[in-house]
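Colleague: have a look; sequence and predicted model below, questions after that.
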Amino acid sequence: MTRHFSFLRLLTLVGLCAWLSLRLATFATQSADHRQNADAKGTKTLAHFTDIAVKAGLTAPVIFGGENTKKYIIETTGTGVAIFDYDNDGWPDIFIVNGTKLEGFAPGQAPTNHLYHNNQDGAFTDVTEKAGLAHTGWGQGVCVGDYDNDGFEDLYVTYYGKNVLYHNNGNGTFSDVSEKAGVAGSGKMWGTGCAFVDYDRDGKLDLMVANYVDYDSAVALAPGERPSCIWKGVPVMCGPRGLPWAKNILYHNVGNGTFEDVTKKAKIDQTNGHYGFSVSTLDYDDDGWPDIFVACDSTASILYHNNQDGTFTDVAVVSGAAFNDDGREQAGMGSTVGDYDGDGRLDIFKTNFSDDTSTLLHNNGDGTFDDKTFPAGFGLNTQYLGWGTMFLDVDNDGWPDLLLVNGHVYPEVDSQHLGSNFREPKILYHNNGNGTFTDISASVGPGITSVSSSRGLAVGDLWNDGRMSAVISNMNAAPMLLVNDAHNGNHWIALQTVGTSFSSSAAAEKYRSNRDGIGAKIRVKAGGRLQVNEVRSGSSYISNNDMRVHFGLGAATKADWVEVRWPSGLVERFEGLAVDSSHRLREGSGTPVNTAAHNP
């Protein structure tokens, strides 16, 4: 997780920081003038986030290793969260992964994961025991997907040890089917990020699992035992540099409730020497086949290109997605995908270790990426250690903003005064609509400025009102539920896709998309602009967001059309969809589009 800079790099950063400081100072003055003018007209601020977790009933703390010191690397990674509608009542619920401590707990006192049911009134009820999800261990990540196309979302939870696949029984309960399904693993792996993805487009969701370091080495070396176990002169926990790496795993959905490990067959195993964290899927080259991006700690990022024949090739280096702009690997944690500049192509944003910048990879549309971190305005906040991150449109102006949650891995940074803090604030960047962002964190409420050592982040429209909320997992503390109190006149639309592989209809015989529509590409035309995104599982830092795709529409009072390119290959349009509401789009129910003759 450590990061080292050359002297030349430091000189470059000093110059760039001075230039960016001048630019941002000018923009801050302009923004302040704009806000004053807006306030004079009686309009609201862009956003204002408040933490209502305790009030809403999210009270169980996330337990993860020691509080004042971290002896081993297993104590540092924290947990993910998921926002998903487990009971199909139309209101997103919340699942929070929990951890444990090295010394263990007395019988009946161990922490468990927690499932919170949305009461539709601003509060949640803890239904963990009733749902059968009270599992204890070194929980890590979570991803959501209806792997058996039965109409109910299932859960996959990664662990330091055996992973767990929970089948949703459709009656408010879940069953552990990990061993039967063949996705538990050997118990000697350290699973981190995961994502359901139909990589072969057969209508059944497959499963990608990232792994971190070698299982046994996670508790093998004491602080200071090796040079890599010393940070800024202080003995700290070891890793991951110098520790054995672990391979990522790809499971193919056989279709009878079981999966086959196709890691070798799919050539996922040909990428070695990486410490995998977050998994984000995207069709970066727009060929209709889902690709996979993995943010890796202290090593190059991975970009698995889908070869359309059941195999993948890691093209991160040749595409420009492996390293930052000066050709160095970074300590990548979380990742998110979105079209930040409105050019119709999906870009990648990645969080990294402290004393480094986050990374913005701009999709050039020719199979390559350019590092636009500094031109976009992300060059200043190097003191924070970033984890979960998501593109989300906080003010519904039609331009995706960026939320980052932070927290250090070494509690010793506080007592030893090492230039960072163990508990850190969040960062909210507002998209200016011209390829640049402005840090508005200081002015958007205590939910953003309050400090914690955060890890997982998931976003979603928890109360179906068009305002995106955020759920955050914190180390040895209660989770956070950030709600946006600000109102404005901008409009929005949210879209849930329903594939027809589960159906016996005639349409399903021709179109074979997974029921969730994971992998579907959605385009929305409104107000003279064209926006694009995809339906995806996983992403952020080992978390899963509300899979309804949310688009801010700005002042547009109608959506001209919505176009869906389904995983099956079918492209169809939906017209007449009301704004300021959520819609279920069923495959085969729109107007087919002749893509060869189509001109948007």
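Modeller: Here it is on my side, so go on.

Colleague: residue 416 touches residue 234, doesn't it?
Modeller: Yes: counting by Cβ atoms under 8 Å, residue 416 touches residue 234, with 5.0 Å between them. To be clear about C-beta, it is placed using only N, CA and C from the backbone, and glycine gets the same treatment.

Colleague: any common contacting residues for these two?
Modeller: Residues within reach of residue 416 and of residue 234 at once, by Cβ atoms under 8 Å, 6 or more residues apart in numbering: there are none.

Colleague: in stretch 271-289, what's buried?
Modeller: 271, 274-286, 288-289 (16 or more other Cβ atoms under 10 Å).

Colleague: and stretch 570-578, by the same measure?
Modeller: So for stretch 570-578, counting by 16+ other Cβ under 10 Å, buried means 570-574, 577.

Colleague: now the strands: where do they sit in the stretch 251-400 of the chain?
Modeller: 259-261, 276-282, 291-296, 302-306, 312-314, 335-338, 347-350, 359-363, 369-371, 386-392 (DSSP state E, counting those that start in this stretch).

Colleague: the first one - contacts with which helices or strands?
Modeller: Put plainly, it is strand 259-261. Under the contact definition 3 or more Cβ pairs under 8 Å, 6 or more residues apart in numbering; DSSP states H and E, strand 259-261 sits against strand 249-253.

Colleague: just checking, what packs against the strand it packs on?
Modeller: strand 206-211, strand 259-261.

Colleague: tell me the contacts of the most centrally placed residue in the chain?
Modeller: Centroid-nearest residue in the chain: residue 540, 1.6 Å away (criterion: Cα atoms, centre = their mean). By Cβ under 8 Å, 6+ apart, the contact set of residue 540 is 80, 278, 334-336, 388-390, 456-459.

Colleague: give me that answer again for 6 Å
Modeller: Counting by Cβ atoms under 6 Å, 6 or more residues apart in numbering, residue 540 makes contact with 334, 388, 390, 457.

Colleague: got a quick ChimeraX command for the buried subset of those residues?
Modeller: Filtering the contacts of residue 540 down to the buried ones (16+ other Cβ under 10 Å) takes a single ChimeraX command:
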select :334,388,390,457
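
Colleague: still on that earlier bit, residue 140: which of the strands of the stretch 251-400 of the chain is closest?
Modeller: Among the strands of the stretch 251-400 of the chain, strand 276-282 comes nearest to residue 140, with 9.5 Å by Cβ to Cβ.

Colleague: for the closest one, which outside residues touch it?
Modeller: 192-195, 197, 208, 210-211, 248, 290, 292-297, 333-335, 337, 346, 536, 538-539, 541-542.

Colleague: same thing with stretch 207-219?
Modeller: Contacts of stretch 207-219 (Cβ under 6 Å, 6+ apart): 72-74, 188-197, 240, 243-244, 246, 248-251, 275-276, 279, 292, 294.

Colleague: go again using 7 Å as the cut-off
Modeller: Contacts to stretch 207-219, defined as Cβ atoms under 7 Å, 6 or more residues apart in numbering, come from residues 72-74, 156, 158, 160, 163, 183, 188-197, 239-240, 243-251, 259, 275-277, 279, 292, 294.

Colleague: from the residues you listed, which would you call buried?
Modeller: Among those, the ones that count as buried (16+ other Cβ under 10 Å) are 72-74, 156, 158, 160, 163, 183, 189-197, 239-240, 243, 245-251, 259, 275-277, 279, 292, 294.
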